[in-house]
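> Predicted structure and sequence below. I'll ask about it afterward.
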Amino acid sequence: MNSTSAFLKENALHIFHVVPGIFGNQQSQYLEMIKQMLIHSLNDNEWEVQLVATKALSAFLLDNEEDTRTMAAFGDALPLMLNVVGKSIYNPEEDDTMLKCLIDIAESIPKYLRPQALPVMEMCIKILADPEITDPTRHLALEVVVTLCETAPGMVRKLGKKIVPSLMLETLKMASDLEEDEEWNNADEAQDDDEESNSVVAEMALDRIACGLGGKTVLPHVMETIPGMLSSSRWQERYAALMAISSVGEGCHKQMESLLPELMGGILRFLQDPHPRVRHACCNAIGQMATDFSPTFEKKFADKVVPGLLLLLKNDPNPRVQAHAGAALVNFSEECPKPILSIHLMDLMSCLEEVLSAKLQELVSKGTKLVLEQVVTTIASVADTVEDKFVPFYDRFMPYLKYIIQNAMSAELRLLRGKTIECISLIGLAVGAEKFLPDASEVMNLLLKTQGAVGAGDAPDITDDDPQMSYMISAWARICKILGKQFTQYLPLVMGPVIKAASIKPEITMLDADEMEAAGGDDDDWQYISLGEHQNLGIRTSGLEDKANACQMLVCYARELKEGFAPYAREVLNLMVPLLKFLFHEGVRSAAADSLPALLESAKLNPETQGQVVEMWTYTCPELLKAIENENEGEVLSDLLGSLAKCIEVLGSGCLNEEAMREIFRLLDKTLKEHFQKASERLQQRSDEDYDEVIEEQLREENEDDVYILTKVADVLHSLFLVYRESLYSYFDQILPHFVHLLQSERPPADRQWGICIFDDLIEFTGPSAVKYREYFIHPLLTYIHDNNVEVRQAAAYGLGVLAHHGGEAFATTCAQAIPLLTQVIAAAESRSPENAPATENAISAVAKILKYHASVVDVNTILPIWLSWLPTYEDVEESPHIYGYLLDLMEANHPVVLGLNNANLPHLICILAEALHREAVNKEDPTYLRIKNIIHQVLSNSDLAHACSEVLNQDQKDALQKL
């Protein structure tokens with residue numbers, strides 16, 4: 001680097017750029033030398049040296065991104081690097097490499113840019129606003145700022161506050177940069193807009209900026225600019241304003257919700273805009289808001305939105321607009337409460353039938369299909385929401401749909417046929433087996449004929465990329481849910497295609513920079529991941545979605561058909577277990593996890609396959625535990641832990657050998673340590689210089705994700721205690737300190753809740769021997785019964801109940817101490833409010849259990865009248881059998897305090913039981929329900945008592961008794 005030759009300097013820097021870790025474990029000794037080399041090169045007189053030095057600095061920083069000391073030491077190089085980046089923009093001979101370096105830094109180490117954050121953003125917005133600069137370069141400049149909004153939102157809000165208005169203004173300007181396009185107007189296929197176009201780049205940027213910075217920062221600037229754009233004579237600005245509303249809704253959710261009436265008042269009129277692209281954008285905005293603000297949006301605006309969209313769907317001269325109105329109705333229907341959509345059902349179905357009929361005729365006469373494809377999907381969505389309310393329309397629509405499947409045989413109609421297949425199956429699921437059953441056999445034969453399983457030679461050829469196959473696979477699963485065990489007869493015909501789809505191998509390719517440029521990077525079927533400056537990994541994502549869908553359908557078959565699926569259980573298990581580590585798609589891994597307990601249960605329930613279960617589990621268990629060990633995605637990890645819990649319950653005692661048990665508890669220990677570590681990291685983030693309320697909201701969301709994993713840890717322990725009881729103690733002791741820590745008063749409510757739940761299970765499933773752990777759980781149970789958090793109170797109340805029920809005499813005194821504490825919870829103000837009711841009813845149940853199982857240590861006759869005054873309960877159906885079971889015990893024993901003098905209390909008691917029946921507090925399958933039924937019949941068989949009861953019962957209670 002001391003050479004005067006620019007060529008030699010460039011080569012040296014290039015080597016350092018390609019291998020930034022070249023100094024290995026001796027790097028710290030040469031850190032100052034590296035710094036001086038890069039700073040000197042960034043100041044070099046030769047432009048090429050400056051360029052390579054910038055790339056080398058970027059590579060070195062990224063290679064050391066975890067080393068905060070190195071980041072700080074190289075802060076002096078940042079202004080020099082930015083100077084090179086800035087000059088490269090206006091050098092016509094340069095490409096966009098410098099801006100891409102800046103994007104990489106903004107993505108991975110945004111804090112490094114903090115000292116120059118404002119100049120960085122100002123430079124990028126200046127580039128964005130300059131029409132003389134090429135669009136790809138402007139896109140990259142925008143990407144720098146958008147990336148910072150995502151990776152360092154607090155820093156942008158604090159240091160870049162003054163640039164946000166100009167950022168929003170320039171992005172909105174770019175969103176309106178589009179031209180008339182006759183191809184768009186005449187297209188007969190749904191086409192995504194060009195993702196490299198200015199308008200689409202800007203729309204995606206608005207979405208990301210809003211999600212990153214939040215509504216408080218973004219929405220005021222949007223609301224300031226959009227009214228002027230909506231009133232513009234240029235259709236492009238009206239279009240951009242409506243698309244902007246669609247784009248920022250998710251990120252500005254809280255702030256926009258209160259403005260919905262104002263926004264909708266301004267938006268709806270654009271359904272009648274003279275320009276089709278604006279009407280299309282209006283449909284897009286309505287559909288997106290229906291999703292983002294559900295169900296509030298549907299409740300408030302159904303009366304205006306449904307007629308407005310139906311008018312476009314029926315009468316608009318532009319097929320693209322018609323179809324998008326139908327798509328917006330899908331968004332609206334999917335999120336709309338059933339009673340609200342049912343109000344508009346007659347108008348909806350009349351319009352949809354009229355359009356369906358007209359577009360079928362157009363298909364025959366003109367060959368156009370775009371609107372027809374969408375109408376079929378809209379019908380399916382409406383049926384899915386209104387369910388049984390669709391029954392009166394079934395006979396009107398099913399002939400149309402079967403006609404399409406029977407006659408839409410050409411290759412260009414495959415998507416239409418697939419959507420129709422989906423529609424029929426969703427309608428079948430909506431109306432139920434009784435209505436659908438007469439058509440079920442014909443529909444299944446039509447579907448099987450499509451894929452060539454049965455039928456004649458006129459069946460269309462089904463290729464691997466035929467969209468019909470994915471629709472059929474999903475439809476078969478829905479029909480399986482409708483038919484139940486009757487679907488077993490079709491398994492030999494459908495399993496081949498489903499297994500084939502689930503076995504799809506991912507298409508992967510490596511591309512260099514030139515190949516990426518040739519590919520364009522805009523193929524929706526492929527996703528590209530940069531592996532550095534010169535290499536990119538391409539993955540074909542469309543096939544992966546089909547694979548995930550097929551895997552989920554196999555789960556459905558196993559769950560619904562149980563022993564009927566057993567002949568395929570081993571084959572499917574052999575397919576699914578390797579997919580636990582399928583890196584390319586989270587949905588595939590989750591489906592594989594979900595399948596395992598269902599497949600094992602299927603084989604276990606069928607006498608012909610019971611002998612395979614041990615071998616199946618021996619193969620599965622180690623791989624499942626490895627998957628838990630290696631999984632980095634929280635949602636998939638939760639599914640894996642849940643799968644393990646269910647497998648243990650399905651298989652029962654003896655399913656885990658010593659090695660497996662040790663490994664499970666090692667993994668639980670690891671997961672719990674990570675839980676505490678992440679909580680500690682969030683605490684540190686609250687001390688960050690850029691911490692603010694928006695970051696706090698993000699931290700809370702992260703905490704919720706971690707808590708969900710904690711619930712799955714609890715599920716695994718629940719299953720283990722259920723199956724292994726006190727023999728689990730020696731393993732549980734290894735992780736006991738974690739649960740003691742969870743119970744500490746300074747821990748968050750969710751930690752305390754799930755810490756209590758673990759000990760609740762321990763008490764319930766190990767009984768009196770739980771006394772071994774009394775020093776860890778007695779004080780928390782008695783203390784947290786008055787916790788401010790309702791979930792913690794509920795867990796503590798439930799724990800005191802199981803302590804009374806299962807703990808034995810060793811806990812009698814504790815149970816007696818708990819009575820006044822539980823009474824205070826029940827008698828507290830607002831104890832019966834919807835949010836407090838679960839904890840209150842658990843407390844009432846706990847008192848019942850204490851009275852029932854520890855009557856010798858409490859004054860039952862004094863407490864009983866108070867306890868009776870707390871009835872009825874009806875929110876917690878799991879505790880209802882304990883509460884009403886105890887009441888029935890007392891009534892059947894003719895307890896004088898309960899029945900009263902001369903049975904005077906019987907009408908009131910029947911009133912309590914009638915209210916419980918009206919509220920469906922007890923499941924009909926529960927033995928307690930039959931006991932309630934019997935005692936009511938016994939009491940009402942006495943005409944005098946029946947008359948007395950009739951005097952105190954309300955109409956709902958009388959109706960409930962009438963149904964017995």
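Here it is on my side, so go on.

> helix/strand/coil for M510?
Taken by DSSP: H, G, I helix; E, B strand; the rest coil, the conformation at M510 corresponds to strand.

> Assess the claim that it and I539 are in contact.
No - M510 is beyond contact range of I539, at 10.8 Å (criterion: Cβ atoms under 8 Å). Just so you know, the C-beta spots here come from the backbone N, C-alpha and C atoms, and that holds for glycine as well.

> Among those two, which residue is more densely surrounded?
Using other Cβ atoms under 10 Å as the criterion, M510 and I539 rank with I539 on top: 18 against 10.

> Validate this expectation: the more buried one resides in a strand.
Yes - using three-state DSSP, the assignment for I539 is a strand.

> Return the distance of it relative to N630.
As defined by Cβ to Cβ, to the nearest Å, I539 lies at a distance of 19 Å from N630.

> Same question for L309.
Counting by Cβ to Cβ, the separation of L309 from N630 is 47 Å.

> Could you check which of these two is surrounded by more residues?
L309 (28 against 12).

> ok, now which ones touch the more buried one?
The contact partners of L309, taken as Cβ atoms under 8 Å, 6 or more residues apart in numbering, are 271, 283, 286, 325-326, 328-329, 332.

> so of those residues, which ones are in helices?
Among the contacts of L309, the members falling in helices (DSSP state H) are 283, 286, 325-326, 328-329, 332.

> May I ask which two of those are separated the most?
Maximum pairwise distance in those, criterion Cβ to Cβ, is 12.0 Å, between I286 and G326.

> So, low pLDDT: which residues of the protein?
In the prediction, the chain carries residues with pLDDT under 70 at positions 1-4, 192, 451-465, 512-525, 528-534, 536.

> all strands for it, in order.
Using DSSP state E, the strands of the chain run over 508-511, 526-530, 536-540.

> Contact partners for the residue nearest the centre of the chain?
What sits nearest the mean C-alpha location of the chain, by Cα atoms, centre = their mean, is E635, with 8.5 Å. Residues in contact with E635 (Cβ under 8 Å, 6+ apart) are 586, 590, 705.

> most neighbours, which of those?
S590 (25 neighbours).

> show me what contacts that one?
Applying Cβ under 8 Å, 6+ apart, one finds that S590 lies in contact with 635-636, 639.

> distance of L426 from V376?
Using Cβ to Cβ, L426 is found at 10 Å from V376.

> Compare the two and say which one has the larger neighbour count.
V376 (27 against 22).

> The more buried one contacts L356, doesn't it?
Yes - V376 lies in contact with L356 (Cβ under 8 Å); the separation is 7.4 Å.

> what's the burial count for the nearest residue to I22 once chain neighbours are set aside?
Of all residues not flanking I22 in the chain, F16 sits nearest, at 6.4 Å (Cβ to Cβ, 6 or more residues apart in numbering). Using other Cβ under 10 Å, F16 is surrounded by 24 other residues.

> same check, this time on the one 10 residues further on
With neighbours defined by other Cβ under 10 Å, the count for Q26 comes to 9.

> wait, what's in contact with it?
Going by Cβ under 8 Å, 6+ apart, the list of residues near Q26 is empty.

> burial count for R589?
There are 26 residues near R589, going by other Cβ under 10 Å.

> tell me the contacts of the closest residue to it other than its chain neighbours?
Take R589 and drop its neighbours on the chain: the residue closest to it by Cβ to Cβ, 6+ apart is V636, 4.9 Å away. The contact partners of V636, taken as Cβ under 8 Å, 6+ apart, are 586, 589-590, 593.

> Let's see that with 10 Å instead.
Residues near V636 by Cβ atoms under 10 Å, 6 or more residues apart in numbering: 580, 586-590, 592-593, 627-628.

> Just among those, which is most surrounded?
That'd be A592 among the contacts of V636, by other Cβ under 10 Å, with 31 neighbours.

> gap between N657 and R666?
According to Cβ to Cβ, N657 stands 14 Å off from R666.

> Between these two, tell me which one has more neighbours.
Each of N657 and R666 has its neighbours counted (other Cβ under 10 Å); R666 has more, 15 against 11.

> Go ahead and confirm that one touches L672.
No - using Cβ atoms under 10 Å as the test, R666 is too far from L672 to be in contact (11.0 Å).

> list the residues that contact both of the two?
Counting by Cβ under 10 Å, 6+ apart, the residues touching both R666 and L672 are I735.

> what sits up against stretch 733-743?
With Cβ under 10 Å, 6+ apart as the test, stretch 733-743 has contacts from 662, 665-666, 668-673, 675-676, 710, 713-714, 717, 729, 732, 747-748, 750-759, 762, 772-773, 775-777, 779-781, 783-784.

> Name the nearest residue to M495, sequence neighbours excluded.
Closest to M495 by Cβ to Cβ, 6+ apart is Y568, at 5.8 Å.

> Any idea how many residues pack against F676?
Per other Cβ under 10 Å, the neighbour tally for F676 reads 15.

> which one is it nearest to, not counting chain neighbours?
According to Cβ to Cβ, 6+ apart, the nearest residue to F676 is H741 (7.1 Å).

> quick one: that neighbour and P748, what's the gap?
Distance, H741 to P748, by Cβ to Cβ: 12 Å.

> With L871 instead?
For L871, the distance to P748 - Cβ to Cβ - is 34 Å.

> The two - which one has more neighbours?
L871 (19 against 15).

> Please name the nearest non-neighbouring residue to the more buried one.
Spatially, and ignoring its direct neighbours in sequence, L871 is nearest to I912 (4.8 Å; Cβ to Cβ, 6+ apart).

> Ok, G154 next?
Of all residues not flanking G154 in the chain, D690 sits nearest, at 3.2 Å (Cβ to Cβ, 6+ apart).

> Show me which helix runs longest in the chain.
The single longest helix within the chain, with elements called by DSSP H, is helix 693-724.

> what does the domain assignment say about this structure?
By the assignment in the TED database, the chain contains the domains 1-92, 95-179+194-218.

> a markdown table for the ones you listed, including distance to L800?
A markdown table is the format used below for the domains of the chain (distance: least, Cβ to Cβ, whole Å):
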| stretch | distance to L800 |
| --- | --- |
| domain 1-92 | 47 |
| domain 95-179+194-218 | 42 |
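
> Please identify the most buried of those.
Highest mean neighbour count among those (mean count of other Cβ atoms under 10 Å): domain 95-179+194-218, with a mean of 20.

> Quick one: distance of it to the chain centre.
The chain centroid and the centroid of domain 95-179+194-218 are separated by 28 Å under Cα atoms, centre = their mean, to the nearest Å.

> likewise stretch 790-805?
30 Å.

> Then stretch 601-615?
Chain-centre distance of stretch 601-615: 33 Å, with Cα atoms, centre = their mean.

> Just the residues contacting it, thanks.
Outside stretch 601-615, the residues that touch it by Cβ under 10 Å, 6+ apart are 557-559, 561-570, 572-573, 595, 599-600, 616-617, 646-647, 649-652, 654-655.

> So among those, which ones count as buried?
The neighbour-count test (16 or more other Cβ atoms under 10 Å) marks 557-559, 561-570, 572-573, 595, 599-600, 616-617, 646-647, 649-651, 655 as buried among those.

> Tell me how far A328 lies from K314.
Using Cβ to Cβ, A328 is found at 14 Å from K314.

> Next: F16.
For F16, the distance to K314 (Cβ to Cβ) stands at 66 Å.
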